[in-house]
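A.B. asks: Take this sequence and fold it.
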Amino acid sequence: PFHPFEIKPKENQPLFITVYVPKDAKAGKYNGEIRILLEDGEIKVPISLEVWDFVLPDKPSCETAFGLWEDSIQKFEEVKMGTSDGKAMYEKYYWCLVEHRLSPYYIPVDILSPEADKYLNDPRVTTFIINYNEDVNEMRKRVERAREKGWLSKAYFYPLDEPVTKEQYEELKRRVEKIKSIDPHLRIVSPFFRSPDFSQETAYEALEGLVNIWCAVTSYFNPEKQMEKKRRGDSSWWYVCCGPGSPYANFHITMDAIDHRILMWQQKKYDVDGLLYWAANYWLGTPDPWEDMATVKDINPNLYGDGSLLYPGKKIGADGPICSLRLEMIRDGFEDYEYLTMLEKLKGREAVEKMIGELVKDMTNFTKDVEALLKVRGRIAKEILGGK
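C.D. replies: Here you go, the predicted structure:
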């Protein structure tokens, strides 16, 4: 966040400025300037903004599911979860993600609370987890509340993560049976990154009947198999985490900024319904995320930024989360996704594939040229304007 700062001789200080355009802003070119006040004068930097005559929808066209870790908030923001201060701080993190077109795993209150309405009636929120519980009645109460309120299409269960062993698959099956005893059509995800280690099947065969949100890590993602599941009415999601690394797109600090954004173009190319990401604020693996972003040292001590797209504001005197540049790139990517969706509605799938094809060949072959991406985006905007 902005504050006065000093620059030593021969040093640079970048500034990242976000401009919010009101929905009712008149289309056209806007010119202004940024004034940098110095001890002995000022510098004026001209800026130009073109506002196009269309509005992105409040309701995202694809689903997202991003984790928020309460333990990280408690430790680094120095608030106790369960208290009013802890709840207020979690809300700041929650809305920060929502404002970036991302839906956190959990809403800040129990779905049975009257306060749940303000979160789940918000069109920007696409998904939320109903916690698995050994007590089926506890799950049933929350399912029925979601059904009664019209939120069931946003709800999903996440009973077990990344099953690989026979024991994990058996445990997943046991939990899924309990969930399906409430309603066999409830949405269930169990992200997978490789085939099970106890059979010759792929995860696509092994998870049959256990999930209806198919969520593969992008390096294991099989377009044909996911589309086959989607055609029959299931959801097609994918995810990234500590892997895959380059040449795949991901959210690691060491990657080019365009890598964080191009993933959404790939998502549209393969008609993937949703993106899941395990954590936006995992700092428990580092003494100080402001100084050390090797967040998962137990997995890879040279992996920077995994599970962390935010910074805790407390250390620098801010009340709430601070966004990383990567999070801004992700938001830009999801805005690009909306452009492509609008183009598809106006001009059809072929027009979308043509635009994406100029930037993306497949999962590991895509442009690193930011100007090329911006030019294609501009042409999409003109196509949208021409089709209105």
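A.B. asks: Neighbours of the closest residue to Asn222 other than its chain neighbours, how many?
C.D. replies: Closest residue to Asn222 apart from its sequence neighbours, by CB to CB, 6 or more residues apart in numbering: Tyr204 at 6.5 Å. In short, each C-beta sits where N, CA and C put it, glycine included. Neighbour count of Tyr204, defined by other CB atoms under 10 Å: 18.
A.B. asks: Count the residues that sit near Arg147.
C.D. replies: Around Arg147 there are 13 residues (other CB under 10 Å).
A.B. asks: what's near enough to touch it?
C.D. replies: With contacts taken as CB atoms under 8 Å, 6 or more residues apart in numbering, Arg147 has no neighbouring residues.
A.B. asks: Quick check: phi and psi on it?
C.D. replies: phi -70, psi -50 (degrees, to the nearest 10).
A.B. asks: now Met227
C.D. replies: According to degrees, to the nearest 10, Met227 has phi -70, psi -40.
A.B. asks: residue contacts, it?
C.D. replies: Going by CB under 8 Å, 6+ apart, Met227 touches Ser236, Asp271.
A.B. asks: heads up, I number from 241, so please use that
C.D. replies: All set: I'll call the first residue 241, so the last point we hit is now Met467.
A.B. asks: From Lys263, how far off is it?
C.D. replies: Distance, Met467 to Lys263, using CB to CB, to the nearest Å: 35 Å.
A.B. asks: Helices along the stretch 291-440 of the chain, start to end?
C.D. replies: Secondary structure of the stretch 291-440 of the chain (DSSP state H, counting those that start in this stretch): helices at 310-317, 324-339, 356-360, 376-389, 406-420.
A.B. asks: And these: which comes nearest Val592?
C.D. replies: helix 324-339 (26.2 Å; CB to CB).
A.B. asks: so how far is the closest one from its chain's centroid?
C.D. replies: Distance, stretch centre to chain centre, for helix 324-339: 16 Å (CA atoms, centre = their mean, to the nearest Å).
A.B. asks: for stretch 388-401, same thing?
C.D. replies: Worked out by CA atoms, centre = their mean, stretch 388-401 lies 17 Å from the chain centre.
A.B. asks: got the end-to-end distance for that stretch?
C.D. replies: 29 Å (CA to CA, to the nearest Å).
A.B. asks: can you pull the buried residues of it?
C.D. replies: Residues of stretch 388-401 classed as buried by neighbour count (16 or more other CB atoms under 10 Å): Trp391, Leu392, Lys394, Ala395, Tyr396, Phe397, Tyr398, Pro399, Leu400.
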